[in-house]
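Asks: predicted model follows, preceded by the sequence.
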Amino acid sequence: MTEQNSNTAHGAAARRGPFRVGDRVQLTDEKRRINTITLEEGGEFHTHKGILRHEEILGKPEGSVIENVDGFRYQALRPLAKDFVLSMPRGATVVYPKDAAQIVQFGDIFPGARVVEAGVGSGALSISLLRAVGDQGFLHSFERREEFADIARGNVATVFGGEHPAWRISIGDFQEQVVALEEPGSVDRVVLDMLSPWECLDAVATVLAPGGVWTNYVATVTQMSRVVEAIRASGQFTEPECFETMVRGWHVDGLAVRPDHRMVAHTAFLITCRRLADETNGIPKAKRIKEHGYSAEDLSAWTKDHDPTVWTAEALGERGLSAKKLRRAAKDAARPEQVRKDNEA
């Protein structure tokens, strides 16, 4: 292993002290508009309000107010994780901070935990999970697409100032890879963000320790229903709990205090349950579940035009991603890390 440059900050140190080359800085102007830049030697930030030279920021303490060449002022802070996630280079849609917070809390992700997740997407949830497990924990992420994994690696390295010691990422199908790479009953928590998590039920039951928590993140009601019914039918888990989180901000200005006109409403459903001991059958719900009331002809007609076994991104209304866009996102994600390495050299 090569010796790290003593002048380069890593881990927690990267989030403290004066601004350095390679730092990401969030600039907020007088109209509350936000721009995020990566500091470079000789770098400049150009807008219609003038030029802000990076040298005016380097060495200044966080929270400083900086003026550009024309006297236009900016407030300079390191972006918080939630700020970075919403603006970072991405291929797949990111897990919103409000949902990541619920996953960490209701999924009971604790320091030192051994966690597996799939899929990684752009690394938004991986960042939250790594912050929760800490350096002494372990996060094993599974992703089917190498290009998504490249984007996630770049974003994670940017947030943590380099490779995280508790993170491993594997390429391939989760249900096949996890049972090959993780010992039975060795995992404390499982988090799945995928189209058809019910296909992974046996794999989750194999690697998850008794009492361990399984959290699913799905976008649609149909996915939620199918996951829940599969979990119930297996008898290996507790009764699943389902919920969603909505966040509404408030406008506060003197006596004008009211809810914001816009809010972050539905993004996804979260489903949590816990692994029961082996050779144990779950206790079914005491309340009888009502029948759907549809005739066989109704269901047959619907199934003819809507094959419920075909779970694809397109079928759920997600737009496809071009290879060109993914390559660009991976390049953008890796750029701050490259600036840091260039500075070390």
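Replies: Sure, I can see it.
Asks: what's the average pLDDT for stretch 90-108?
Replies: Regarding stretch 90-108, the rounded mean pLDDT is 92.
Asks: what's it in contact with?
Replies: Applying C-beta atoms under 8 Å, 6 or more residues apart in numbering, the contact partners of stretch 90-108 are 81-82, 85-86, 88, 109, 119, 121-122, 124-125, 128-129, 132, 145, 147-148, 151, 189, 191, 193, 213, 215, 217, 241, 243, 245, 247, 264, 267-268, 270, 272, 318, 321, 325-326, 329-330. All C-beta atoms are positioned from the backbone trio N, CA, C, and that covers glycine.
Asks: and if you look at stretch 205-217?
Replies: With contact meaning C-beta under 8 Å, 6+ apart, stretch 205-217 is reached by 95, 99, 103, 106-108, 116, 125, 178-179, 182-193, 197, 204, 227, 234, 236-237, 268-278.
Asks: make a PyMOL selection of the buried ones in these.
Replies: Buried subset of the contacts of stretch 205-217, written as a PyMOL selection, criterion 16 or more other C-beta atoms under 10 Å:
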select buried, resi 95+99+103+106+107+108+116+125+178+179+182+187+188+189+190+191+192+193+197+204+227+234+236+237+268+269+270+271+272+273+274+275+276
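Asks: from the contacts of stretch 205-217, which land in strands?
Replies: 116, 187-192, 269-274 (DSSP state E).
Asks: now the residues you listed as a markdown table including distance to residue 51 and pLDDT?
Replies: Below are the ones in strands among the contacts of stretch 205-217 laid out as a markdown table (distance: C-beta to C-beta, whole Å; pLDDT from 0 to 100):
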| residue | distance to residue 51 | pLDDT |
| --- | --- | --- |
| 116 | 47 | 98 |
| 187 | 52 | 98 |
| 188 | 51 | 98 |
| 189 | 48 | 98 |
| 190 | 50 | 98 |
| 191 | 44 | 98 |
| 192 | 47 | 98 |
| 269 | 47 | 97 |
| 270 | 45 | 98 |
| 271 | 50 | 98 |
| 272 | 50 | 98 |
| 273 | 55 | 98 |
| 274 | 56 | 97 |
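Asks: could I get these as a markdown table with distance to residue 282?
Replies: As requested, the ones in strands among the contacts of stretch 205-217 are exported to a markdown table (distance: C-beta to C-beta, whole Å):
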| residue | distance to residue 282 |
| --- | --- |
| 116 | 22 |
| 187 | 19 |
| 188 | 20 |
| 189 | 19 |
| 190 | 17 |
| 191 | 21 |
| 192 | 19 |
| 269 | 21 |
| 270 | 20 |
| 271 | 15 |
| 272 | 15 |
| 273 | 9 |
| 274 | 10 |
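Asks: now, which of those sits nearest residue 169?
Replies: residue 116 (11.0 Å; C-beta to C-beta).
Asks: was I right to think residue 326 contacts residue 151?
Replies: Yes: contact criterion C-beta atoms under 8 Å: residue 326 and residue 151 qualify, at 7.0 Å.
Asks: in terms of packing, which of these two has more residues around it?
Replies: The residue with more neighbours, out of residue 326 and residue 151, is residue 151; 29 against 21, by other C-beta atoms under 10 Å.
Asks: show me which residues of stretch 204-218 are buried.
Replies: 204-209, 212-218.
Asks: ok, stretch 214-233 next?
Replies: Within stretch 214-233, the residues scored as buried using 16+ other C-beta under 10 Å are 214-220, 223-224, 226-228, 230-232.
Asks: contacts for stretch 32-51, please.
Replies: Residues from elsewhere that reach stretch 32-51 (C-beta under 8 Å, 6+ apart): 19-29, 52-55, 57-58, 68-72, 79, 83-84, 87, 335-336, 339, 343.
Asks: so how far does that stretch reach from one end to the other?
Replies: Terminal residues of stretch 32-51 lie 18 Å apart, using C-alpha to C-alpha, to the nearest Å.
Asks: do the same with stretch 242-253
Replies: Across stretch 242-253, the terminal residues are separated by 36 Å (C-alpha to C-alpha).
Asks: how about residues contacting that stretch?
Replies: For stretch 242-253, the surrounding residues in contact (C-beta under 8 Å, 6+ apart) are 98-99, 102, 224, 228, 257-260, 263-271.
Asks: can you list the buried residues in it?
Replies: Residues of stretch 242-253 classed as buried by neighbour count (16+ other C-beta under 10 Å): 242, 245.
Asks: top strand in this structure by residue count?
Replies: Assigned via DSSP E, the chain shows its longest strand as strand 208-218.
Asks: any idea of the mean pLDDT for that one?
Replies: For strand 208-218, mean pLDDT is 98.
Asks: dump that strand to CSV, restricted to CA.
Replies: Presented in CSV, the C-alpha positions along strand 208-218 are these (Å, rounded to 0.1, in the frame of the first residue of the first chain):
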residue,chain,number,x,y,z
LEU,A,208,-29.7,-13.3,7.4
ALA,A,209,-29.2,-14.2,11.0
PRO,A,210,-32.2,-14.9,13.2
GLY,A,211,-33.6,-11.6,14.5
GLY,A,212,-32.0,-9.8,11.6
VAL,A,213,-33.9,-7.1,9.7
TRP,A,214,-34.8,-7.2,6.0
THR,A,215,-35.8,-3.9,4.4
ASN,A,216,-37.2,-3.5,0.9
TYR,A,217,-37.5,-0.3,-1.1
VAL,A,218,-40.0,-0.4,-3.9
